[in-house]
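Undergrad: Just need the structure, nothing else, for what follows:
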Amino acid sequence: MRRREAGFNLVELLIAIAILGIVVLSVFSMFFMGQRNVYAGKQASKAITLGTAVLEDLAPLNKQMIYEGVFDIDEDEQGNDFELPLASGMEKMEFENSIIRSTHPARVIPEPSQSNMNVEQSPPALLSKWRTAVNSADLLQPSISVVLTPAQGPGGGTPTTFGNAQLLRVRVIVRWWETNRLREAVWDTVKAY
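TA: Residues are numbered from 1 along each chain as shown. Modelled structure (predicted):
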């Protein structure tokens with residue numbers, strides 16, 4: 001009878017405290033992970049909004065407005081072959097006969113002076129609009145890059161200049177930094193002329 005009234009011994013108490021510590025630590029770590037996931041989702045939503053806005057801005061434009069008005073491309077201009085590293089750093093996006101324009105000068109390939117976004121013509125002034133939007137998006141070091149690749153219709157070859165293209169492949173890349181890693185969202189579309 002006396003043994004039942006004695007209570008817990010030290011070993012039982014230490015085991016109970018250890019189990020309680022493990023449970024509390026697990027619950028707190030789930031809260032922190034949940035907070036980080038909510039933050040990442042919020043950042044991705046902002047990037048998706050930016051990329052979608054770029055595609056919506058390009059949708060109503062004709063060939064002349066895209067070449068001369070937005071991206072300052074001559075009809076006789078040829079693109080360059082270049083690679084862009086993916087955010088994972090493991091692979092690269094390869095482009096042939098393409099031109100890139102970016103709100104971040106370090107991401108303009110091959111030379112910033114050859115693809116300067118500050119030489120944009122007035123109306124529609126989309127590049128300035130995108131630069132303002134990306135700077136006010138509350139993302140860490142964000143950028144919008146647009147890669148333009150001339151193409152022919154089905155069964156056609158690769159055009160040598162942008163003026164000869166029947167199609168224009170457009171890839172929009174939104175990049176930002178999040179918890180010490182580069183994140184990106186990519187959209188592809190085709191404009192027919």
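Undergrad: For this protein, which segments count as helices?
TA: Using DSSP state H, the helices of the chain run over 10-58, 63-64, 126-135.
Undergrad: which of these is buried the deepest?
TA: Greatest average neighbour count among the helices of the chain goes to helix 126-135 (a mean of 18), per mean count of other CB atoms under 10 Å. C-beta: built from backbone N, CA, C; applies to glycine.
Undergrad: Identify all contacting residues around that helix.
TA: Residues from elsewhere that reach helix 126-135 (CB atoms under 8 Å, 6 or more residues apart in numbering): 50, 53-54, 57-58, 70-71, 101, 103, 117, 120, 142-144, 174.
Undergrad: quick one, it and helix 10-58 angle?
TA: Interaxial angle, helix 126-135 versus helix 10-58 (axes from the mean of the first three to the mean of the last three CA atoms, to 10 degrees): 170 degrees.
Undergrad: low-scoring stretches of this structure, by residue?
TA: Scanning the chain with the threshold set as pLDDT under 70 gives 1-6, 88-90, 105-124, 155-157.
Undergrad: The same query, at a cut-off of 80, please.
TA: Scanning the chain with the threshold set as pLDDT under 80 gives 1-8, 69, 86-90, 104-125, 127, 153-160, 193.
Undergrad: Run through the residues that contact the residue lying closest to residue 152 once chain neighbours are set aside.
TA: Leaving aside its chain neighbours, residue 152 sits nearest to residue 166 (5.3 Å; criterion: CB to CB, 6 or more residues apart in numbering). Counting by CB under 8 Å, 6+ apart, residue 166 touches 151, 152, 153, 156, 159, 192, 193.
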